[in-house]
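Peer 1: Here is the input, now give the coordinates:
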Amino acid sequence: MQTVQHSEQTLKTALTSKNPTLVSQYEKLDAGERRLLNKAFKPDNDLFGPITLHSESDWIISHPEAPQDFEEFFSDPSGKAPSPEKRSIYIQCIGSLGNTRIIRHILRFLKKKKPRDAFCIVGITMIDLYPRDSWNFVFGQASLTDGVGIFSFARYGSDFYSSHYEGKVKELQRVSSSDYSIFDNYYVPEVTSILLLHSCKTLTHEIGHIFGLRHCQWLACLMQGSYHLEEADWCPLNLCPICLCKLQCAVGFNIIDRYQALVRWIDDESANSPGLSRGHSWEDHVNLPKSVEAFKEWKEWIIRCLAVVQK
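Peer 2: Below you'll find the model as predicted:
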């Protein structure tokens, strides 16, 4: 096992940049926020560790990419940010979609159905997804330009490798762009704590791409690329300070408010209706059971971050 180690100066520059305007902007942040973010380049910190490499098949080795620091993110003309007119994130369950599993077909469909006030619309499905028929599966894919994405939680289900798995593509069907039946009878697996954790990682990672965040190569981070399920498991649910600054720049939020809201979400177990039928209509309002056992370690990490910010 190896780690990707950057010098303190490299990490500091990636976070604050050498641009005087951006340095001044960083220095105007709340003192507590800066205290937390500065942990990025403190070698003895216990909140933000280096990226660990486990094998030659890890994403950072097999898919070399140029790293994106904060200044590059800030200066990117293609970067996306919500506006007063387009500030909603829509999440759409997808059932059969003509039983296609090819990503470009689904993204094209979602683009047509994107509401006027949507910053982005993301589809979630239990169908295995492929960029092309001849390619390996992917967990998801997003289009920054179009503000659409599609993500599969198929391989997160405990029964995926069973011959009785209900999310498999059967025979192809053609549907018109006005046919909403594709939202019917979507497959809902047993909603476990681990499935919820994996799904949250995939969904927030891909939405991060829609905001313009590229794969992180600085520290252990939600925005690391992952080539297989085991590697996705190794990635944390939290953003590193550099990627957190990028998201803060795009969305605008107070870190204390954000972390407190995340703790409240973990603590809120009110959505716990255990009885679910196998088929649902897109018009149904379904309260899925919310099991947060797998989030306890992350909650403890957030509380430690809040202690630093509120010191």
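
Peer 1: which strands and helices sit next to the lengthiest helix in the chain?
Peer 2: Secondary structure of the chain read by DSSP state H shows that its longest helix is helix 193-210. If you count contacts as 3 or more Cβ pairs under 8 Å, 6 or more residues apart in numbering; DSSP states H and E, helix 193-210 packs onto strand 118-125, strand 140-143, strand 148-152, helix 229-234. For the C-beta atoms, the positions are set from N, CA and C on the backbone; glycine is no exception.

Peer 1: Just want the angle from that helix to strand 118-125.
Peer 2: Comparing the axes of helix 193-210 and strand 118-125 via axes from the mean of the first three to the mean of the last three Cα atoms, to 10 degrees yields an angle of 140 degrees.

Peer 1: pLDDT below threshold where in the protein?
Peer 2: For the chain, applying pLDDT under 70 flags the ranges 95-102, 130-138, 157-189, 269-290.

Peer 1: tell me how far the longest helix of the chain is from the chain's mean position?
Peer 2: Relative to its chain's centre, helix 193-210 lies at 4 Å (Cα atoms, centre = their mean, to the nearest Å).

Peer 1: got it, and stretch 77-89?
Peer 2: Its chain's average C-alpha position is 17 Å from that of stretch 77-89, according to Cα atoms, centre = their mean.

Peer 1: residues of that stretch that come out buried?
Peer 2: By 16 or more other Cβ atoms under 10 Å, the buried positions in stretch 77-89 come out as 79, 80, 82, 86.

Peer 1: dump the residue contacts of the nearest residue to the last one once chain neighbours are set aside.
Peer 2: What that stands for is residue 86. Using Cβ to Cβ, 6 or more residues apart in numbering and skipping the chain neighbours, the partner closest in space to residue 86 is residue 119 (5.0 Å). Contacts for residue 119 (Cβ atoms under 8 Å, 6 or more residues apart in numbering) come out as 80, 82, 83, 86, 87, 88, 89, 147, 210.

Peer 1: Export these to TSV and append columns for distance to residue 239.
Peer 2: Converted to TSV, these look like this (distance: Cβ to Cβ, whole Å):
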residue	distance to residue 239
80	17
82	17
83	22
86	23
87	20
88	21
89	17
147	20
210	15
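
Peer 1: In strands, which of these appear?
Peer 2: Taking DSSP state E, the ones among the contacts of residue 119 that sit in strands are 88, 89.

Peer 1: and which of the contacts of residue 119 is nearest residue 30?
Peer 2: Of all the contacts of residue 119, residue 82 has the smallest distance to residue 30: 21.9 Å, by Cβ to Cβ.

Peer 1: Is that closest one in contact with residue 247, as I believe?
Peer 2: No. Using Cβ atoms under 8 Å, residue 82 makes no contact with residue 247, being 11.5 Å away.

Peer 1: re earlier: please tell me how far the residue nearest to residue 86 sits from residue 83.
Peer 2: 8 Å (Cβ to Cβ, to the nearest Å).

Peer 1: Fine by me, thanks again.
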